[in-house]
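**Q** Give me a 3D structure for the following:
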Amino acid sequence: MITPDNITSHEFIGLHTEIIQSTNSQVIGLNGMIMDETKSMFRINTEKGMKSIAKSSNHWKFSIENKDVIIDGSRIAKRPFDRLGAKV
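**A** Numbering: from 1, shown residues only. Down below sits the predicted model:
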């Protein structure tokens with residue numbers, strides 16, 4: 001079960017996310033459902049279509065158990081199977 005404490009060691013596909021801080025001001029506020037992820041990118045389904053966004057240059061907001069969790073993308077910029085179950 002995903003909790004705010006262990007979110008960085010779980011699967012992100014299917015979660016709703018929003019970019020709250022970025023080195024690219026044009027993507028701040030972009031939100032949608034994560035459809036796929038690679039080592040360095042999230043593929044997000046937004047209102048304007050699919051967008052591929054780098055993980056490491058952004059801060060991501062997820063809502064888990066009615067709590068907002070903010071994650072620095074550099075902490076999750078790993079291959080999904082390397083991150084799953086890993087202790088952070």
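
**Q** any idea how far Met41 is from Ile53?
**A** Separation of Ile53 from Met41 (C-beta to C-beta, to the nearest Å): 7 Å. Just so you know, the C-beta spots here come from the backbone N, C-alpha and C atoms, and that holds for glycine as well.

**Q** and these two? which has more neighbours close in?
**A** Per other C-beta atoms under 10 Å, whichever of Ile53 and Met41 has more neighbours is Ile53, with 22 against 15.

**Q** The residue lying closest to the more buried one once chain neighbours are set aside pairs with what?
**A** Excluding the flanking residues, the one nearest Ile53 by C-beta to C-beta, 6 or more residues apart in numbering is Phe42, at 5.4 Å. In this entry, Phe42 is beta-bridged to Glu37, Ile53, by DSSP bridges.

**Q** got a list of what Phe42 touches?
**A** With contact set as C-beta atoms under 8 Å, 6 or more residues apart in numbering, Phe42 has these partners: Phe12, Thr17, Ile34, Asp36, Ser52, Ile53, Lys55, Trp60.

**Q** in what helix or strand does the residue nearest in space to the middle of the chain lie?
**A** For the chain, the residue nearest the mean C-alpha position is Trp60 (5.3 Å; C-alpha atoms, centre = their mean). Take DSSP states H and E as the rule and Trp60 turns out to sit in strand 58-64.
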